[in-house]
Structure formats: C-alpha cells, structure tokens
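Enquirer: generate coordinates for the sequence data below:
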Amino acid sequence: MTARISVSVQANDFDTGAELAALRDDPAVGAIASFIGTVRDINAGADVSALTLEHYPGMTEKALEEIAAQAGERWPIDAVRIIHRVGALRPRDQIVLVAVSGRHRREVFDACAFVMDYLKTEAPFWKKEVTPEGERWVEARDEDEAARARWEHGE
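Expert: Predicted coordinates for the structure are as follows:
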C-alpha cells in the first residue's frame, strides 16, 4: 500500500479540524496522529514578537513530499498531510500541521514523529525572529538533530 501524500506550503492559516476530518474518509482508518506547531512568545531566552518564515517554492514542497514518502515506506500508513505556513506570523499562530492516518495507533504515532523530526532538520525553511534587541535568524538546534538521528539508528 502506498500512502497518500498531501503537502501545502502557504501563508494562510489552516483549519485543523477540517484537515483531520479529511483523513477519516476511509472506513479502514483506525487512528490519526497529529502535531501542530505554534509560534512561541519566547525563544532562546528572548521575547519574540514576530516570526517570519522563508522558503524556496517548489524545492520546499518536494522536500516535504520526500519526507512523507519515507514515512510511507517505513510504516503501513494510509495518508500523510503536511501544511507549513510561511510569511509573517505572531505568537500563538499555527505554523505547521503534520497528520498521519492508518489502521493502528503505533504506526501513525511513529510516522507522525518521524515526519516532524525530519521536517525540522531537512526541510528548506529559514526563520527570522523579531526580539527587543532586533531581528535574528533562528539557528538549527542540537535537539532537533538528535531527534532525527534516532530514526537512523533503528528506532
């Protein structure tokens, strides 16, 4: 079985409920796992009043599709839905939705975590925060690399 993959990179917000409901279109689906990332008002010890996300159109979507396809190769899942926002965002705004559907919970939990871990380290997004000290680019975090690396070592 090949997982259905749907990827969107967009400036507009998304309706989480509608997105999850769309993954229940197959009566064989027994589980849906999801992750929603939001903008925090503090990062690395500084107040954050805004976040701007940039990307390379076309390249970003392809990278997300490849990550979702890898999840579909590793686990027997039915569908992967990824929505990632770009542009100017404020604290509490939704940034990303990763949702996975399948027959059983273990596969969808693992696939959802895998997709998010790879998205954080492999997807071509650049983040710039606005703080009281000015604008700054957000660097990759060691914890994100460690989370991705665990999948490469058989977990």
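
Enquirer: who does residue 80 bridge with?
Expert: Here residue 80 sits in beta bridges with residue 5, residue 100, going by DSSP bridges.

Enquirer: now residue 144, what are its backbone angles?
Expert: Backbone geometry at residue 144, expressed as degrees, to the nearest 10, gives phi -70, psi -40.

Enquirer: contacts only, for it.
Expert: The neighbourhood of residue 144, defined by Cβ atoms under 8 Å, 6 or more residues apart in numbering, consists of 117, 120-121. (Glycine included, C-beta is placed from N, CA and C.)

Enquirer: in strands only, show me those.
Expert: When those are checked against strands (DSSP state E), there are no matches.

Enquirer: could you dump those into CSV and include neighbour count?
Expert: Formatted as CSV, the entries for the contacts of residue 144 read as follows, by neighbours: other Cβ atoms under 10 Å:
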residue, neighbour count
117, 20
120, 18
121, 16
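
Enquirer: identify the residues contacting the closest residue in space to residue 2 that isn't next to it in sequence.
Expert: Nearest residue to residue 2, sequence neighbours excluded (Cβ to Cβ, 6 or more residues apart in numbering): residue 72, at 6.3 Å. With contacts defined as Cβ under 8 Å, 6+ apart, residue 72 is in contact with 2-3, 5, 80, 111.

Enquirer: among the residues you listed, the buried ones, what's the ChimeraX command?
Expert: Under the burial definition 16 or more other Cβ atoms under 10 Å, those of these that qualify are selected in ChimeraX by:
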select :3,5,80,111
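
Enquirer: out of the contacts of residue 72, which comes closest to residue 60?
Expert: Sorting the contacts of residue 72 by how near they are to residue 60, with Cβ to Cβ, puts residue 5 at the top with 14.3 Å.

Enquirer: what about the helices in this protein?
Expert: 16-22, 59-74, 105-122, 142-152 (DSSP state H).

Enquirer: ok, of those helices, where does mean pLDDT dip lowest?
Expert: Lowest mean pLDDT of these: helix 142-152, a mean of 87.

Enquirer: need the contacts of residue 144 in JSON lines (columns: distance to residue 132).
Expert: Shown next, in JSON lines, are the contacts of residue 144 (distance: Cβ to Cβ, whole Å):
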{"residue": "117", "distance to residue 132": "31"}
{"residue": "120", "distance to residue 132": "26"}
{"residue": "121", "distance to residue 132": "29"}
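
Enquirer: mind listing what the nearest residue to residue 57 once chain neighbours are set aside touches?
Expert: Distances taken as Cβ to Cβ, 6+ apart place residue 9 nearest to residue 57, at 7.3 Å, with adjacent residues excluded. For residue 9, the contact set (Cβ under 8 Å, 6+ apart) comprises 55, 57, 60-61, 64, 83-86.
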